[in-house]
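Enquirer: Only the shape, not the letters, is given here:
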């Protein structure tokens, strides 16, 4: 389970992020996923752990207590509405910045830094 969490899940996350933006063969997606995982291994593992962290709630022993059940499901609802949207937004912005530097700069120069503020621009 730990190997899955630390290696395969982050590679899979990079794979999904690449599929949503670029059009390429499976082999290219897989190769680029491994490249981004290795290049940003610390952040990749951190995001993988943060995605899986809320599932620790399921490891808490089940008790037939209405208060316990209401707290557990309230926490799950709060995670769904507040934690995951923020986490996925951060993950998407981070991955797009890495894609911009590694892919768009050379292969898609018309999209490189598109929509970002130009610090060199004189007013």
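Expert: Thanks, I have it. Everything numeric in this text was worked out from a predicted model, so none of it was measured. Residues are numbered from 1 along each chain as shown.
Enquirer: Need the nearest residue in space to residue 17, chain neighbours excluded.
Expert: Closest residue to residue 17 apart from its sequence neighbours, by CB to CB, 6 or more residues apart in numbering: residue 95 at 4.5 Å. Where you see a C-beta, it was placed from the backbone N, CA and C, and this is true even at glycine.
Enquirer: residues in contact with that neighbour?
Expert: 14, 17, 36 (CB atoms under 8 Å, 6 or more residues apart in numbering).
Enquirer: Quick check, central residue of this structure?
Expert: residue 91 (4.0 Å; CA atoms, centre = their mean).
Enquirer: what's the neighbour count on the residue nearest to residue 7 when sequence neighbours are not counted?
Expert: In space, residue 7 comes closest to residue 37 once its chain neighbours are excluded; the distance is 7.9 Å by CB to CB, 6+ apart. Residues lying near residue 37 (other CB atoms under 10 Å) number 22.
Enquirer: Just the pLDDT at residue 37, thanks.
Expert: Residue 37 carries a pLDDT score of 96 in this model.
Enquirer: quick one, what contacts it?
Expert: 7, 10, 11, 14, 44 are the contacts of residue 37 under CB under 8 Å, 6+ apart.
Enquirer: and it, what helix or strand is that in?
Expert: helix 26-39 (DSSP states H and E).
Enquirer: Toward the C-terminus, what is the element adjacent to that helix?
Expert: In N-to-C order, the element after helix 26-39 by DSSP H and E is helix 41-52.
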